[in-house]
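**Student:** Return atomic coordinates for the entry below.
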Amino acid sequence: MPDPELHHAAIWVKLKNTQVLFDCGEGTAGQMLSNSISGEVIDAIIITHFHPDHLCGIYMVLQMLYLQQRKKKLDIFLPERVKEFNFILEYHYLFLQKFTYPVNLWIMDDITARYPEITALQTDHLTSYRDIVNGSDLRNEMKSYALMIKESDKQVLYSSDIIGTEFLEQYLPDLDLLIIDALHPQAEDILGLTNSAGTRIILNHGMSPKLEEIFRTNTISLEKARENEEIII
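**Tutor:** As a prediction, this is how the structure comes out:
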């Protein structure tokens, strides 16, 4: 659900030589302006999956960059159906040939080849749609991803939306920071991740009622994500 005090998913990542957006939910363009993030510095936008709260801000961001007369190319990595996404841009009268900057649309599988610090890890978030997709013979590929950053001796993992937490366990011992979906997984599964020594865990994307209750009544080594928070690793 929308929240009057929070914006939807968008995480600005500044690496040594690269700046990217992980997801681009509603309100991202305004947040870039209010946080003085120049559109000219963003090298890529990476969309983890095609749910509106992770995608719908991209149209205004692209329009804003055009109005700002951006010149540098922009890479956009998508989880699936790249050709159809270009049709959606045309549907919104966002014609790439009119932009002041080149836009390259890539499938997620290409990300590490172009940005070696970033790895996409496929997740289970959209698998619950399988009956609808198969039963109606739809073209949805049900692909969703978590994103891992490795630079120098630091590692950060953004889970985006997930159902289960099992796949995270193999990465936890080496992580400096885990930003995890706290709404969809079971509260007990998220709490079970706190045994990993040295990993800072930030709860993102809302919170399940049960986890919210645990958070209110117990002292636990988890943090809630805060709007506009800057984290330096």
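**Student:** Thought Y66 was touching F99, still the case?
**Tutor:** Yes - between F99 and Y66 there is a contact at 5.2 Å, judged by Cβ atoms under 8 Å. From N, CA and C alone the C-beta is placed, and that goes for glycine too.
**Student:** Overlap in contacts, those two.
**Tutor:** With contacts taken as Cβ atoms under 8 Å, 6 or more residues apart in numbering, F99 and Y66 have no neighbour in common.
**Student:** For the longest strand seen in the chain, enumerate the helices and strands it packs against.
**Tutor:** When the chain is parsed with DSSP state E, its longest strand is strand 145-151. The contact analysis (3 or more Cβ pairs under 8 Å, 6 or more residues apart in numbering; DSSP states H and E) places strand 145-151 against strand 118-122, strand 154-158.
**Student:** Adjacent strands (with direction) for the first one?
**Tutor:** For strand 118-122, the paired strands and their directions (DSSP bridges) are strand 145-151 (antiparallel).
**Student:** any idea which of the helices and strands packed on strand 145-151 is most buried?
**Tutor:** Comparing the helices and strands packed on strand 145-151 by mean neighbour count (mean count of other Cβ atoms under 10 Å), strand 154-158 ranks first with a mean of 20.
**Student:** Leaving out sequence neighbours, find the closest residue to G39.
**Tutor:** L65 (4.5 Å; Cβ to Cβ, 6 or more residues apart in numbering).
**Student:** repeat for D124
**Tutor:** Nearest non-adjacent residue to D124 (Cβ to Cβ, 6+ apart): I163, at 4.8 Å.
**Student:** now stretch 16-30, how far from the centre of its chain.
**Tutor:** 9 Å (Cα atoms, centre = their mean, to the nearest Å).
**Student:** What ranges in the protein fall below the confidence cut-off?
**Tutor:** For the chain, residues meeting the criterion pLDDT under 70 lie at 195-197.
**Student:** Now do the strands in it.
**Tutor:** 11-14, 19-22, 44-46, 74-78, 103-107, 118-122, 145-151, 154-158, 177-181, 200-204, 223-224.
**Student:** wait, which of those strands is closest to A187?
**Tutor:** strand 200-204 (10.5 Å; Cβ to Cβ).
**Student:** Nice, that's everything, thank you.
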